[in-house]
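[1] one predicted model, sequence on top.
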Amino acid sequence: DAGVTQTPRHEVAEKGQTIILKCEPVSGHNDLFWYRQTKIQGLELLSYFRSKSLMEDGGAFKDRFKAEMLNSSFSTLKIQPTEPKDSAVYLCASSLVGGRSEQFFGPGTRLTVL
Amino acid sequence: GDSVTQTEGQVALSEEDFLTIHCNYSASGYPALFWYVQYPGEGPQFLFRASRDKEKGSSRGFEATYDKGTTSFHLRKASVQESDSAVYYCALGDQGSAGNKLTFGIGTRVLVRP
């Protein structure tokens, strides 16, 4: 079975640009998560969807970050406008519904904002 | 809110050394506890989980025992190899939503010298 797919793997943006990151979860998984990973903060949850419904939208990230699930097999994370402090690795993960299931992560998108 | 504290920074070892990474949690009830491992250029991978007091999780020679009394889930491996060099994350499962949201520790980098 295919794992979680993320595209692009690398993205370079100028300050103020709009970028869209994409994620395809594991087939059959209904929970989808977006994280930001940095050396200082570690893994921070940006958004959490269950069956395409937004369950949690990380408070600190609401103003410029918007995640959507267009269908059960595709999600996007839009950052608008980008700032240099957004430079990080953005990870997507999915899991089966049901408590205590593990999350499966994609390889991540490394974003650099100049 | 729920939180996880784990050994910070980097742990440097030689092959065949014994590895311990401390993980303590703060939460009520019996949250599921997880260990994940992340290799360079990849997303975190699930190692194992435990869901109740005294339950032991294990995988690939790593193990950890859920201890409600000390609120701990320390990761141990008796004899590390160079291929174990990676970042290890302890994580705590959310109980309230019955979903699979995780709270991650800051991560511990393990460097094993040949």
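    Perfect, thanks for sending it.
[2] burial count for B:Q95?
    Neighbours of B:Q95 under the rule other Cβ atoms under 10 Å in any protein chain shown: 17. C-beta: built from backbone N, CA, C; applies to glycine.
[3] no no, A:I20
    By other Cβ under 10 Å, neighbour count at A:I20 equals 14.
[4] and the strands in chain A?
    Using DSSP state E, the strands of chain A run over A:5-7, A:10-13, A:19-24, A:31-38, A:42-50, A:53-57, A:65-71, A:74-79, A:88-95, A:104-105, A:109-113.
[5] need these in JSON lines (columns: distance to chain B and mean pLDDT).
    What follows is the strands of chain A, written out as JSON lines (distance: least, Cβ to the nearest Cβ, whole Å; pLDDT from 0 to 100):
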{"stretch": "strand A:5-7", "distance to chain B": "8", "mean pLDDT": "97"}
{"stretch": "strand A:10-13", "distance to chain B": "11", "mean pLDDT": "97"}
{"stretch": "strand A:19-24", "distance to chain B": "11", "mean pLDDT": "98"}
{"stretch": "strand A:31-38", "distance to chain B": "5", "mean pLDDT": "95"}
{"stretch": "strand A:42-50", "distance to chain B": "4", "mean pLDDT": "92"}
{"stretch": "strand A:53-57", "distance to chain B": "7", "mean pLDDT": "87"}
{"stretch": "strand A:65-71", "distance to chain B": "14", "mean pLDDT": "92"}
{"stretch": "strand A:74-79", "distance to chain B": "15", "mean pLDDT": "96"}
{"stretch": "strand A:88-95", "distance to chain B": "4", "mean pLDDT": "96"}
{"stretch": "strand A:104-105", "distance to chain B": "3", "mean pLDDT": "96"}
{"stretch": "strand A:109-113", "distance to chain B": "9", "mean pLDDT": "97"}
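[6] of all these, which lies closest to B:R109?
    When these are compared by Cβ to Cβ, strand A:42-50 sits nearest B:R109, at 11.5 Å.
[7] note down every partner strand of the closest one and its orientation.
    strand A:31-38 (antiparallel), strand A:53-57 (antiparallel) (DSSP bridges).
[8] okay, buried residues for the shortest one please.
    Within strand A:53-57, the residues scored as buried using 16 or more other Cβ atoms under 10 Å in any protein chain shown are A:E56, A:D57.
[9] how about stretch A:87-95?
    Buried, per 16+ other Cβ under 10 Å, within stretch A:87-95: A:A88, A:V89, A:Y90, A:L91, A:C92, A:A93, A:S94, A:S95.
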